[in-house]
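Novice: take a look and give me a structure for this.
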Amino acid sequence: MPSTTSKREGDSMYDVIVVGTGFGGLTAGAVLAKKGYRVLTLEAANELGGSAGKFDRNGFRFAAGATVGMGFEQGGVFSKLFEELEVSPPTMSKLDPIMNVYLPDRDVTYYADQDKWYKEAGRVFGQGENIQAFFNEVFSVADRLYPFIDRKVVFPPATMGEWKNIVSSINLHTLSVAPFVTQSVHDRLKKYDLHRNQPFLTFLNGQLMDSVQTTSEYSPSLLGYMALSVFHRGAFYVQGGLASIIDTLSDTLLHHGGELKKRTRVDSIQRKANSWEVKTKRRDTFDAKHLIVNAPLHNIFSLLSEEDASSLPVKREKEEQQRSWGAFTLYIGADERFLDDSEANIPFHQFIGDYEKPLSEGNQFLFSVSQPGDPLFAPPGKRAITLSTHTEPHQWWNRDQYESLKEQYVERIVGQIEKKFPLFSDHIETLLPGTPVTFQRFTQRRKGLVGGYAPTSKYSLLKAYSPNSRLDGLWFCGDTVFPGAGSLGSSLSGWTVASEIQKGR
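Specialist: Residues are numbered from 1 along each chain as shown. Sure, this is the predicted structure:
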């Protein structure tokens, strides 16, 4: 239960301290502050949101990552969250089509409406009946899983309460998806004879790379199906980008008495007898009964004492072997005249250059362009663009090749864009590259690792890390714990932690 006494001026004891202002941390903080908990949130940067944040340069706002807004449809995660917080969401518009995808030899319009999508997929890829049957299975399985996800279960469970919550969340409807637990998305594609349809498989892998960080061969079917279904439930263009959602959550936190300190980097966290002590680089010290770390698990070992770290179920050696991507990004401010009339009102574009190359390192990227009438991103007649591709992070820490590598990636990516938009370079006014080195500097994520862990087998979902650290009062949220990457997964993990704290566990 939250404390009933008011915090005295100068008193450093809080009910909850949240480290980091990503979707998970701000969701947990806002929910708990509204429930009356004394919440302190600490952010190392000057901007909120981490990988979902923003920055301003030369009259443009740039989203840190190129990401579609999701979860605001009726019954969606963010719709329910904002109802609980009793606040209105930012201005947004529902998308249909969701995006255009440019494959090496054909273009496809990805529609949210199922009937439109089936017609378009059959036209572009052939095997229309097979594709429709596959997506019907995707939607059916996802529909059976959503009630389970809505229960905000802690997974994998360890305490009796966590086991009870999982058991009570399972019914015959949920159990019917059990055969999918041991299969990959690729296994399911074989059933519909789609695994040899190279254009469709490449399209699908492009979608999975942007949502679950891997391709169909390695994606657990349940994880991939949930990701593939989300667009069709509701994809949105959010005015001002995902940072507008972050701002709404932070405003809610503050409105309900929570505190938020920017430019306050946490140096260490230490377990005390009945609390957690947080020390900052500025040598400030704060204490709380509950500590929520919204930093990735990549960072946790540098914050904890050796004794506390050794007590975690997450072991340093094993965690460091987990596959994680970095991101190479381009932030571009441009005159909008490079766009064709037919493309001018479509905010998301995915480019895939070569069927035979991996969907990373600039061969595949998501191109997010601000929309006309959105003054938060760009002046009239201009567009703010965020472009992101997966990259192996280790190569970016070689100082001798760093600058030349950036130039190679810029040239490769801009060249691919110009195949679709020939006038693109002529209309660029601002161009800023970002690398894993940049992400480490501005988000504090170790080695610039983003997007959580990339699944490496069909069983990866069963090996997820729990939001419960197993150390009393210490919780994790964000893209490296269940339910995983993306704004929805991160927010759900924070909401789950807030729910568990309210139960007094």
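Novice: longest helix anywhere in the chain?
Specialist: helix 128-150 (DSSP state H).
Novice: was I right to think Leu42 contacts Lys281?
Specialist: No: using C-beta atoms under 8 Å as the test, Leu42 is too far from Lys281 to be in contact (10.6 Å). The C-beta positions use only the backbone N, C-alpha and C, and glycine is treated the same way.
Novice: overlap of the contact sets of these two?
Specialist: Thr264, Val266 (C-beta atoms under 8 Å, 6 or more residues apart in numbering).
Novice: those two: which is more packed in?
Specialist: Applying other C-beta atoms under 10 Å to Leu42 and Lys281 shows that Leu42 carries more neighbours, namely 23 against 12.
Novice: now do the contacts for the more buried one.
Specialist: Taking C-beta under 8 Å, 6+ apart as the test, what Leu42 contacts is Ile17, Val18, Val19, Gly20, Lys261, Thr264, Val266, Val278, Thr280, Phe286.
Novice: skipping its backbone neighbours, what lies nearest the fifth one in space?
Specialist: In space, not counting the residues next to it along the chain, Lys261 is nearest to Leu42; the distance is 5.4 Å by C-beta to C-beta, 6 or more residues apart in numbering.
Novice: which strand residues bridge the one you found?
Specialist: Beta bridges link Leu42 to Val19, Lys261, judged by DSSP bridges.
Novice: mind pulling up the pLDDT for it?
Specialist: Leu42 is assigned 98 on the pLDDT scale.
Novice: what does Pro2 give?
Specialist: Looking at Pro2, its pLDDT is 64.
Novice: isn't Glu217 up against His186?
Specialist: Yes: proximity of Glu217 to His186 meets the contact threshold set by C-beta under 8 Å, at 4.4 Å.
Novice: so these two - more neighbours on which side?
Specialist: Using other C-beta under 10 Å as the criterion, Glu217 and His186 rank with His186 on top: 21 against 17.
Novice: quick check: buried residues in whichever strand or helix holds that one?
Specialist: Using DSSP states H and E, His186 maps to helix 185-191. Within helix 185-191, the residues that count as buried by 16 or more other C-beta atoms under 10 Å are Val185, His186, Asp187, Arg188, Leu189.
Novice: what does stretch 167-187 give?
Specialist: Counting neighbours by 16+ other C-beta under 10 Å, stretch 167-187 gives Val177, Phe180, Gln183, Ser184, Val185, His186, Asp187 as buried.
Novice: next, give me the two most distant ones among the residues you listed.
Specialist: By the measure C-beta to C-beta, Val177 and His186 form the most distant pair in the buried residues of stretch 167-187, at 17.4 Å.
Novice: tabulate the buried residues of stretch 167-187 in a markdown table, adding columns for pLDDT and distance to Tyr402.
Specialist: Formatted as a markdown table, the buried residues of stretch 167-187 follow (pLDDT from 0 to 100; distance: C-beta to C-beta, whole Å):
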| residue | pLDDT | distance to Tyr402 |
| --- | --- | --- |
| Val177 | 93 | 46 |
| Phe180 | 95 | 43 |
| Gln183 | 97 | 41 |
| Ser184 | 98 | 36 |
| Val185 | 98 | 36 |
| His186 | 98 | 36 |
| Asp187 | 98 | 40 |
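Novice: Glu137: which of those residues is nearest?
Specialist: For those, the residue nearest Glu137 by C-beta to C-beta is Phe180; the value is 9.1 Å.
Novice: contact partners for the closest one?
Specialist: Counted by C-beta under 8 Å, 6+ apart, Phe180 has contacts Val141, Arg188, Ser221, Leu222, Tyr225.
Novice: buried ones only from those residues, please, as a PyMOL command.
Specialist: In PyMOL, a selection of the buried entries from those looks like this (16+ other C-beta under 10 Å):
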select buried, resi 141+188+221+222+225
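Novice: which residues of the stretch 101-250 of the chain fall in helices?
Specialist: 114-125, 128-150, 160-169, 172-175, 185-191, 198-212, 221-233, 242-255 (DSSP state H, counting those that start in this stretch).
Novice: and the last one, average pLDDT?
Specialist: Which is helix 242-255. 97.
Novice: which parts of it are buried?
Specialist: Buried, per 16+ other C-beta under 10 Å, within helix 242-255: Leu242, Ala243, Ser244, Ile245, Ile246, Asp247, Thr248, Leu249, Ser250, Thr252, Leu253, Leu254.
Novice: let's have those residues in JSON lines, adding distance to Gly24.
Specialist: As requested, the buried residues of helix 242-255 are exported to JSON lines (distance: C-beta to C-beta, whole Å):
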{"residue": "Leu242", "distance to Gly24": "13"}
{"residue": "Ala243", "distance to Gly24": "16"}
{"residue": "Ser244", "distance to Gly24": "17"}
{"residue": "Ile245", "distance to Gly24": "13"}
{"residue": "Ile246", "distance to Gly24": "11"}
{"residue": "Asp247", "distance to Gly24": "16"}
{"residue": "Thr248", "distance to Gly24": "15"}
{"residue": "Leu249", "distance to Gly24": "10"}
{"residue": "Ser250", "distance to Gly24": "13"}
{"residue": "Thr252", "distance to Gly24": "15"}
{"residue": "Leu253", "distance to Gly24": "13"}
{"residue": "Leu254", "distance to Gly24": "18"}
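Novice: show me where pLDDT drops low in the stretch 1-150 of the chain?
Specialist: 1-12 (pLDDT under 70).
Novice: ok, which of the helices of the stretch 101-250 of the chain comes nearest Ser360?
Specialist: The nearest among the helices of the stretch 101-250 of the chain, by C-beta to C-beta, is helix 198-212 at 7.4 Å.
Novice: using PDB, write out every CA atom in the closest one.
Specialist: Extracted C-alpha coordinates of helix 198-212, given in PDB (Å, rounded to 0.1, in the frame of the first residue of the first chain):
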ATOM      1  CA  GLN A 198      10.300 -15.500 -51.900                       C
ATOM      2  CA  PRO A 199       8.700 -12.100 -52.400                       C
ATOM      3  CA  PHE A 200       6.000 -12.800 -49.800                       C
ATOM      4  CA  LEU A 201       8.500 -14.400 -47.400                       C
ATOM      5  CA  THR A 202      10.800 -11.400 -47.700                       C
ATOM      6  CA  PHE A 203       7.800  -9.000 -47.100                       C
ATOM      7  CA  LEU A 204       6.800 -11.000 -44.000                       C
ATOM      8  CA  ASN A 205      10.400 -11.100 -42.700                       C
ATOM      9  CA  GLY A 206      10.600  -7.400 -43.100                       C
ATOM     10  CA  GLN A 207       7.600  -6.900 -40.900                       C
ATOM     11  CA  LEU A 208       8.900  -9.300 -38.300                       C
ATOM     12  CA  MET A 209      12.300  -7.700 -38.200                       C
ATOM     13  CA  ASP A 210      10.800  -4.400 -37.400                       C
ATOM     14  CA  SER A 211       8.500  -5.900 -34.700                       C
ATOM     15  CA  VAL A 212      10.200  -8.900 -33.100                       C
END
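Novice: which positions in that helix come out as buried?
Specialist: So, applying 16+ other C-beta under 10 Å, buried residues of helix 198-212: 199-212.
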